[in-house]
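[1] Predicted structure and sequence below. I'll ask about it afterward.
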Amino acid sequence: MAEAYIVEAVRTAGGRARKGGLIDVHPADMGATILNALVDRTGIDPAAIDDVIVGCVSQAGEQAFALGRNLVLASKLPDSVPAVTIDRQCGSSQQALHFAAQAIMSGTQDLVIAAGAESMTRVPMGSNYKLHAAAGVGIGPWPKSIQNRYGVAEFSQFHGAQAVANKYGFTREEMDAYALTSHAKAAAAIDNGAFKAEIVGVETPEGLFDIDDGVRRGGTMEAMASVKTLEEGGTITAANASQMTDGASGVLVASEAAIKRFNLKPMARIVNLTVTAGDPVIMLEEPIPATRRAFERSGLSLNDIDLFEVNEAFAAIPMAWLKAIGADPAKLNVNGGAIALGHPLGASGTKLMSTLIHALKARGKRYGLQTMCEGGGVANVTIVEAL
């Protein structure tokens, strides 16, 4: 099978939803900034790009009507470049990367951009079905057949996170402490310039936005303890969960033939692509069996992996993953995670991949593994080798 390579990986800084630096930027323009940066940094002829695959979760409002295509039309890419929008919930752009890599590996395409864009300010989470409910249109995403099969009226990531915390015995104090560590690592990464190579500045009415604005410095356990729990008697709070964020990200995936033809320098080689699914009620635990499957399929072991990126949808998720997999905590989310840097839903997959590749290269390390819990009980795992 042919190899697939990542030749560039970039992201915008994360802007806090409703309060941050990207609130005045249309999601298509935000994503177009990423496409332009991939072209500019690689020097590739934009007309040579075979396809653009864009992850987005809330495909409504400004993110409706083929957001992926609108990214292309808002960018410097010619309108001869096709695009498609996909939804695998929080793993949408990680799945976009998988589809891009599979196209390269199959030999059907040579240059594919995998990207994601999500403005949680301008298209609030869940608005793609809540507005229909408010208007009295339809019965919602879950028909009686699903409700009866699983004994629930709806699938809730918040209930799933609490179920994971309960199953693994995590206290609120443990999750709050994890969250504080995420903020501390992210603050240190910003201060040390760790994100400069991966962040693309976005022009806004207030100027260039290029620093993650959700990171909280000087937090204390006392302050964390003052935040209300999401449900009565629970331990999950907004403080030990990911931040709602605006952002975009993307990677350019190339075949060996394209690398030679366009004189590109690969940053990483795709080693393994895995996706699994399980219980849709607890939902967020699936990265654990998905990681085990990825090791089986790749022939690599836990000790072979130098860095891990496990999305911090809630502190309980990477904590459960660590406990079950037995990974070294020092290798996990070394520059902080979504609790501090934000979780722009459909953009988070290639956002984490950008951070992972740049962190591997900065440290002179070889293998990195990324995984993401996703709505419906699905999880993607991607293993890359830095070059």
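    Perfect, I can see it now. Numbers count the residues shown, from 1 in each chain.

[2] rest of the way, CA atoms for contacts and neighbours
    Noted.

[3] what about the strands in the protein?
    Ranges of strands in the chain, per DSSP state E, are 5-11, 15-16, 51-55, 83-86, 111-119, 202-204, 207-209, 245-254, 268-277, 307-310, 367-374, 378-386.

[4] D210 is in contact with G15, correct?
    No: G15 is beyond contact range of D210, at 9.2 Å (criterion: CA atoms under 8 Å).

[5] between those two, which one's more packed in?
    G15 (29 against 20; other CA atoms under 10 Å).

[6] Just send the strands of the chain back as TSV, with distance to A100 too.
    Shown next, in TSV, are these (distance: least, CA to CA, whole Å):
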stretch	distance to A100
strand 5-11	10
strand 15-16	27
strand 51-55	7
strand 83-86	11
strand 111-119	6
strand 202-204	25
strand 207-209	28
strand 245-254	7
strand 268-277	11
strand 307-310	20
strand 367-374	16
strand 378-386	12
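
[7] Please identify which of those is closest to E285.
    Taking CA to CA, strand 367-374 is the member of the strands of the chain nearest to E285, at 6.9 Å.

[8] So the closest residue in space to A100 that isn't next to it in sequence versus I44, what's the distance?
    Of all residues not flanking A100 in the chain, V112 sits nearest, at 5.7 Å (CA to CA, 6 or more residues apart in numbering). With distances taken as CA to CA, to the nearest Å, V112 is found 12 Å from I44.

[9] Those two - which one has more neighbours?
    Neighbour totals were compared for V112 and I44, and V112 leads with 26 against 16 (other CA under 10 Å).

[10] Correct me if wrong: that one contacts V253.
    Yes: between V112 and V253 there is a contact at 5.3 Å, judged by CA under 8 Å.

[11] anything in contact with each of the two?
    Common neighbours of V112 and V253, counting by CA atoms under 8 Å, 6 or more residues apart in numbering, are A100, A101, I104.

[12] tally of neighbours for D51?
    Neighbours of D51 using other CA under 10 Å come to 21.

[13] dump the residue contacts of it.
    V81, P82, A83, L111, V112, I113.

[14] now it, which residues is it bridged with?
    V112 (DSSP bridges).

[15] From F99, how far out is it?
    With CA to CA as the criterion, D51 and F99 are 11 Å apart.

[16] Return the helix or strand in this structure with minimum mean pLDDT.
    helix 127-134 (a mean of 94; mean pLDDT, DSSP states H and E).

[17] Could you name the helices and strands sitting against it?
    Counting contacts by 3 or more CA pairs under 8 Å, 6 or more residues apart in numbering; DSSP states H and E, helix 127-134 packs against no other helix or strand.

[18] buried stuff in it?
    Using 16 or more other CA atoms under 10 Å as the test for burial, helix 127-134 gives S127, N128, Y129.

[19] For Q59, see how far away the first one is.
    If I follow you right, that is S127. S127 is 9 Å from Q59, by CA to CA.

[20] What is the distance between the longest helix belonging to the chain and the centre of its chain?
    In the chain, taking DSSP state H as the definition, the longest helix is helix 172-191. Helix 172-191 has its C-alpha centroid displaced from the chain centroid by 18 Å (CA atoms, centre = their mean, to the nearest Å).

[21] can you check stretch 309-326 too?
    For stretch 309-326, the distance to the chain centre is 15 Å (CA atoms, centre = their mean).

[22] again with stretch 86-103
    In terms of CA atoms, centre = their mean, the centre of stretch 86-103 is found 10 Å from the chain centre.

[23] So for it, what gets flagged as buried?
    86-103.

[24] what's the burial count for the nearest residue to L77 once chain neighbours are set aside?
    Using CA to CA, 6+ apart and skipping the chain neighbours, the partner closest in space to L77 is P46 (5.3 Å). By the measure other CA under 10 Å, the count of residues near P46 is 19.

[25] P46 reaches P78, doesn't it?
    Yes: in this structure P46 lies within contact range of P78 using CA under 8 Å: 6.9 Å.

[26] list the contacts for M125?
    Counting by CA under 8 Å, 6+ apart, M125 makes contact with S58.

[27] hmm, back to that, just the pLDDT at the residue nearest to A100, thanks.
    Listed pLDDT for V112 reads 99.

[28] cool, the one 4 residues further on as well?
    You'll see G116 listed with a pLDDT of 98.

[29] Quick check: bridge partners of it?
    G55, S249.

[30] can you pull the contacts of M175?
    Residues near M175 by CA under 8 Å, 6+ apart: N240, A315, A316.

[31] For the closest residue in space to L284 that isn't next to it in sequence, grab the count of nearby residues.
    Among residues not flanking L284 along the chain, C373 sits closest, at 5.0 Å (CA to CA, 6+ apart). By other CA under 10 Å, the residues close to C373 number 29.

[32] C373 against C90, yeah?
    Yes: using CA under 8 Å, C373 is in contact with C90, at 7.0 Å.

[33] so what's the closest residue to T181 other than its chain neighbours up against?
    Once flanking residues are discounted, T181 sits nearest to G336: 7.6 Å by CA to CA, 6+ apart. By CA under 8 Å, 6+ apart, G336 lies in contact with T181, S182, H183, A184, K185, A186, A189.

[34] Quick check on the residues you listed: which are buried?
    Looks like those have T181, S182, H183, A184, K185, A186, A189 buried, using 16+ other CA under 10 Å.

[35] And the pLDDT for the residue of the chain most remote from its centre?
    Residue farthest from the centre of the chain, counting by CA atoms, centre = their mean, is G136 at 32.4 Å. For G136, the pLDDT comes out at 96.
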